[in-house]
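Enquirer: okay, here's the prediction I keep looking at, along with the sequence it came from:
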Amino acid sequence: MSGVPAARTLGAPLVFGLAFLGLWQLLVVALAIDPFIVPAPSAIAGQLLDHLDTVTAGALRTGANALVGLVVGAVIGVVGALLANAVPVLDSLAAPVVAALSVMPIVALAPVLYTMYGADVDTARQLVAALAVLIPIYVNTLRGLRQVRPVHRDLMRAYAATPRQQQLAVTLPTAAPYVFTGLRVASSLAVISALVAEYFGGPVGGLGKSITSAAASSNYPLAWAYVVGSILLGLAFYVVALALESGLTRHRRP
Amino acid sequence: MSSPAVHVAGLERVFPARRGPGVTALAGVDLDVAPGEFVSLIGPSGCGKSTLLRLIADLDTPTAGTLEVFGKTARQARRDQDYGIAFQQAGLLPWLTVTGNIELPLTLHKIGRRERQTKVAELLELIGLTDFAGSYPDQLSGGMQQRVAIARALAESPRLLLMDEPFGALDEMTRERMQNELVRICAETRAAVVFVTHSIPEAVFLSDRVVVMSPRPGRIVDVVDVALRPGERDEALREDATFFAGVARVREALHGTSVPSARGVEHR
Ligand SMILES: Nc1ncnc2c1ncn2[C@@H]1O[C@H](COP(=O)(O)OP(=O)(O)OP(=O)(O)O)[C@@H](O)[C@H]1O
Ligand SMILES: [Mg+2]
């Protein structure tokens, strides 16, 4: 990305966002809307600054769970796709499971997982995140592994490359952009899943738990401050994944 | 006498179809290519030139007939890396630089770094892309990509070169320069070449023999002996009477087949 298009892609949403916040503030003040319906941006910002340490701590806790889930889910997804690509029987065996998992709301598993792993550890949350990212990464990787161009396959055969050499020289690099696309989609999913899983129990400290407890004690601006923290956390995951994707796969698509 | 570079007898390739008898891409093809000999395949689109080349390269298997490369099975010759190949599409790996693409066969065959660097520098010089050593394929024009693919085919100085319309995407100037270079390389390396082209003058300029093919089923209708002595293929030849005689004979052979089948051949 060069300077001018970057300024344009970032500038337009920034201007729009600021205008939106201004209008929001104006309406809340002008119409004297109660904070439990919707608090003013200034009130939320005030709470955010006052509780910056707990919001940061919550974001780190939830972010750590999301990251563990993302890494575990990505590793299993990629390895699973490699196996399914190498052994067609596995692929057809996995197909119904994949279909079932992809329509299932994974967070619905959270209460069950809490009872299985205990409500005083983060394991259930990490598992929910891992399960949520597993499918998009698996599906994308498998698709990527199947995009090898016939001319590249011929080339490897002409060089009498071993299966391992073919995998390293052609198959994996071909699949890489697809893996990164899967990772980008999965990154937001991991944060959402880890956060929502907190609504169903487990230890205190994460952003999800903080949102529910602030709302339960009628501190709506504070609840919203935690929501803002969640948005920033999700954004951070997405931006890192996007940077990885565009940085590492710049010349991949001919 | 040593075994021919390519020996083909009664070769047939039928692509089976879901319904019906299938497509006979090649039928009853007999061809011998001597070591160091330059043979061009010319003929209208769909006459099985690429199919024949793929069979020799063991990228496809014949349905009938004999096929030997340097006296071995095509499979063994491929395993022994007896040939270099350039496809109709450049087929570069988009995530590798020009250098990475040219040295790909050397890397796969575990040639040392020092040797690879020397070879790549030499080949870059040859294809005139020294300034683009670090560029990626998506930063090159189609013709430049094709030149990189040719350099890649030459990287291991093979005894047999299989080339499928390698100059098709090049402009006339580059094309003639690459033709001259190919003549020089072949003289130096004494490599045998099987060269697919749509251009009659190109075939005549480069070849010892021009194999004229016709489609449905793909077969050899004529073999034109160009019979130029080595060393005669220089710029002057392009203006020479022998050259024009050769062009005329190939053109006749092509038109001797049914007229519509001569379509798809460039008369330049
Ligand atoms: N994989 C395949 N499956 C089925 N039919 C094929 C296959 N490959 C080639 N053919 C058929 O075989 C015939 C010869 O094809 P081939 O690609 O060898 O022609 P060609 O002489 O190289 O043509 P061109 O000059 O256009 O490259 C064609 O009729 C084509 O349809
Ligand atoms: Mg062809």
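Expert: Cool, the structure landed. Numbers count the residues shown, from 1 in each chain, chains lettered A, B, ... in the order given. Ligands and ions are numbered 1, 2, ... in the order given.
Enquirer: what strand or helix carries the residue nearest the centre of chain B?
Expert: Centroid-nearest residue in chain B: residue B:163, 2.1 Å away (criterion: Cα atoms, centre = their mean). Per DSSP states H and E, residue B:163 falls inside strand B:160-164.
Enquirer: the residue of the stretch 101-250 of chain A found nearest ligand 1: neighbour count?
Expert: Closest to ligand 1 within the stretch 101-250 of chain A is residue A:150: 9.2 Å, counting by Cβ to the nearest ligand atom. Any C-beta I mention is one placed from the backbone N, CA and C, and that applies to glycine too. Around residue A:150 there are 11 other residues, counting by other Cβ atoms under 10 Å in any protein chain shown.
Enquirer: how far away is it from chain B?
Expert: Note on residue A:150: its distance to chain B, by Cβ to the nearest Cβ, to the nearest Å, is 9 Å.
Enquirer: state the pLDDT value of that residue.
Expert: In this model, residue A:150 is scored at 93, pLDDT.
Enquirer: by contact count, what packs against the strand holding residue B:163?
Expert: Counting contacts by 3 or more Cβ pairs under 8 Å, 6 or more residues apart in numbering or on different chains; DSSP states H and E, strand B:160-164 is packed against helix B:49-56, strand B:83-86, helix B:142-154, strand B:192-197.
Enquirer: give me the contact list for that strand.
Expert: Residues from elsewhere that reach strand B:160-164 (Cβ atoms under 8 Å, 6 or more residues apart in numbering or on different chains): B:5-6, B:33, B:49-50, B:53, B:56-57, B:69-70, B:77, B:82-88, B:150, B:153-154, B:186, B:191-196.
Enquirer: could you list which of those residues also contact chain A?
Expert: Restricting these to those adjacent to chain A (criterion: Cβ under 8 Å from any Cβ of the partner chain) gives B:57, B:83, B:85, B:87.
Enquirer: in the stretch 101-250 of chain A, which spans are helices?
Expert: Here the stretch 101-250 of chain A has its helices, by DSSP state H, counting those that start in this stretch, at A:110-117, A:123-145, A:150-158, A:163-166, A:172-198, A:207-216, A:220-248.
Enquirer: so for the helix or strand just after the strand holding residue B:163, what gets flagged as buried?
Expert: Counting by DSSP H and E, the next helix or strand C-terminal to strand B:160-164 is helix B:172-189. With burial defined by 16 or more other Cβ atoms under 10 Å in any protein chain shown, the residues of helix B:172-189 counted as buried are B:174, B:175, B:176, B:177, B:178, B:179, B:180, B:181, B:182, B:183, B:185, B:186.
Enquirer: who in chain A is up against chain B?
Expert: Applying Cβ under 8 Å from any Cβ, we find that chain A lies next to chain B at A:149, A:151-152, A:154-155, A:157-161, A:165, A:169-170, A:173, A:176, A:249, A:251-254.
Enquirer: just the buried residues of these.
Expert: Using 16+ other Cβ under 10 Å, the buried members of the residues of chain A next to chain B are A:152, A:154-155, A:158-161, A:169-170, A:173, A:176, A:249, A:252.
Enquirer: farthest-apart pair in those, please.
Expert: A:160 and A:249 (28.5 Å; Cβ to Cβ).
Enquirer: where are the low-confidence patches of the stretch 151-254 of chain A?
Expert: Residue ranges of the stretch 151-254 of chain A with pLDDT under 70: A:252-254.
Enquirer: low-confidence ranges, chain B, go.
Expert: B:1, B:227-236, B:238-239, B:257-268.
Enquirer: what about stretch A:211-222, distance to the chain center?
Expert: 25 Å (Cα atoms, centre = their mean, to the nearest Å).
Enquirer: in contact with residue A:166, which residues?
Expert: A:153, A:156.
Enquirer: make it 10 Å
Expert: A:148, A:152, A:153, A:155, A:156, A:157, A:159, A:172, B:108 (Cβ atoms under 10 Å, 6 or more residues apart in numbering or on different chains).
Enquirer: excluding chain neighbours, give the residue nearest to the third one in space.
Expert: Meaning residue A:153. Distances taken as Cβ to Cβ, 6 or more residues apart in numbering or on different chains put residue A:170 closest to residue A:153, at 7.4 Å, once the chain neighbours are dropped.
Enquirer: so who does the one you found touch?
Expert: By Cβ under 10 Å, 6+ apart, residue A:170 lies in contact with A:148, A:149, A:152, A:153, A:155, A:156, A:161, B:93, B:95, B:104.
Enquirer: go with 8 Å
Expert: Shown in contact with residue A:170 (Cβ under 8 Å, 6+ apart): A:148, A:152, A:153, A:155, A:156, B:93.
Enquirer: next one: residue B:178
Expert: The contact partners of residue B:178, by Cβ under 8 Å, 6+ apart, come to B:127, B:147, B:150, B:166, B:167, B:170.
Enquirer: most neighbours among these, please name it.
Expert: residue B:147 (30 neighbours).
Enquirer: wait, it touches residue B:130, no?
Expert: No - at 11.7 Å, residue B:147 does not count as touching residue B:130 under the criterion of Cβ atoms under 8 Å.
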